[in-house]
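[1] What follows is a predicted protein model with its sequence.
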Amino acid sequence: MNALVRLAPEPVWSFRPDGSVRDLAAPDPAEICFFATANALSKIARFNGSNPGIAYSVAQHSVMGADAVFNETGDAQLAAWFLLHDGEEYLLGDKPTPAQRLLVMSLLHSHTPTSGYMARDFWGHIKDKWREAGWRAAGLGLPDEDQRALIDDFDRRMLNAEMMALFGPAARAQLVHVAHKTALKLKGGIRPWAPMLAEERFITSAKRFIGEERLLEQAALHAAHVALNS
């Protein structure tokens with residue numbers, strides 16, 4: 001059993017869907033419900049919703065990326081890790097990369113420049129601990145350093161494909177460095193899904209790569225955790 005690591009000395013309360021509250025300072029796998037994850041991520045927009053038309057959701061990014069991982073590697077566990085690699089955003093929200101960069105740069109130019117790096121590192125640590133809680137809740141364990149690097153590279157490849165698909169040729173100047181430059185083996189083109197469809201497809205992908213029995217077991221564990229801590 002992994003000892004829980006607190007992220008702050010006092011509770012930081014945040015709503016659950018039923019109106020009870022969770023402590024964001026306690027990254028507990030029992031706090032994870034993958035059905036709630038699917039619902040929340042289907043309504044969180046990547047790129048701050050700046051693309052034309054309906055929002056392109058974190059859920060769609062996760063599902064299409066997981067399919068691409070499996071199509072390229074045949075590794076279901078790697079695909080499952082990718083499916084949940086942004087899962088912490090269901091609890092913490094999505095901080096767009098440009099906004100994070102602005103915060104760091106602003107702090108670097110302040111009277112206490114080291115605070116910029118501290119802000120970046122603390123936020124990364126918070127995200128990591130909740131992401132790891134999600135992976136553990138899925139029974140996946142944690143990826144090693146090489147596997148994390150591969151997940152990160154797939155994420156960056158997805159980012160490049162999404163920028164080109166959603167914003168067109170003008171986005172080419174913003175493409176990020178990737179280790180593998182081959183085209184992703186996507187299932188269909190990148191066109192935003194409506195939230196209900198994104199939620200449904202996230203759950204379908206979770207059943208495929210994590211297993212329906214595990215999802216239901218975790219939902220029951222989560223329900224018991226909520227009942228005992230409300």
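    Great, that's in hand. Numbering: from 1, shown residues only.

[2] Tell me how many other residues crowd E31.
    When neighbours are counted by other C-beta atoms under 10 Å, E31 registers 22. In short, each C-beta sits where N, CA and C put it, glycine included.

[3] Following element in sequence after the lowest-mean-pLDDT helix or strand in the chain, please.
    Using mean pLDDT, DSSP states H and E, helix 97-108 stands out as the lowest-scoring helix or strand of the chain, at a mean of 81. Moving toward the C-terminus from helix 97-108, the next helix or strand (DSSP states H and E) is helix 114-137.

[4] just to revisit the earlier point, could you check the angle helix 114-137 makes with the least confident helix or strand of the chain?
    If you take axes from the mean of the first three to the mean of the last three C-alpha atoms, to 10 degrees, helix 97-108 sits at 140 degrees to helix 114-137.

[5] Tell me the buried residues in helix 97-108?
    Buried positions in helix 97-108, judged by neighbour count with 16 or more other C-beta atoms under 10 Å: L103, V104, L107.

[6] Surely V69 and A76 touch.
    No - here V69 does not reach A76: they are 9.2 Å apart, not a contact under C-beta atoms under 8 Å.

[7] what is in contact with the two at once?
    Residues touching both V69 and A76 by C-beta atoms under 8 Å, 6 or more residues apart in numbering: none at all.

[8] residues near E162, how many?
    E162, neighbours per other C-beta under 10 Å, totals 21.

[9] So it versus A223, what's the distance?
    Separation of E162 from A223 (C-beta to C-beta, to the nearest Å): 35 Å.

[10] From Q100, how far off is Y56?
    Relative to Q100, Y56 is positioned 19 Å away (criterion: C-beta to C-beta).

[11] hmm, back to that, against which helices or strands is the least confident helix or strand of the chain packed?
    Judged by 3 or more C-beta pairs under 8 Å, 6 or more residues apart in numbering; DSSP states H and E, helix 97-108 is in contact with helix 114-137.

[12] If we go by neighbour counts, what in the helix it packs on is buried?
    Buried, per 16+ other C-beta under 10 Å, within helix 114-137: 115-116, 119-120, 126-127, 129-137.

[13] Repeat that for stretch 147-156.
    For stretch 147-156, burial by neighbour count (16+ other C-beta under 10 Å) applies to L150, I151, F154, D155, R156.

[14] got these as JSON lines, with secondary structure columns?
    What follows is these, written out as JSON lines (DSSP: H, G, I helix; E, B strand; the rest coil):
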{"residue": "L150", "secondary structure": "helix"}
{"residue": "I151", "secondary structure": "helix"}
{"residue": "F154", "secondary structure": "helix"}
{"residue": "D155", "secondary structure": "helix"}
{"residue": "R156", "secondary structure": "helix"}
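
[15] buried set for stretch 165-173?
    Using 16+ other C-beta under 10 Å as the test for burial, stretch 165-173 gives A165, L166, A171.

[16] The last one and N160, how far apart?
    It refers to A171. Using C-beta to C-beta, A171 is found at 9 Å from N160.

[17] Quick check, central residue of the protein?
    With distances taken as C-alpha atoms, centre = their mean, D86 lies nearest the centre of the chain, 0.6 Å away.

[18] Wait, that one touches V58, no?
    Yes - between D86 and V58 there is a contact under C-beta under 8 Å: 5.2 Å.
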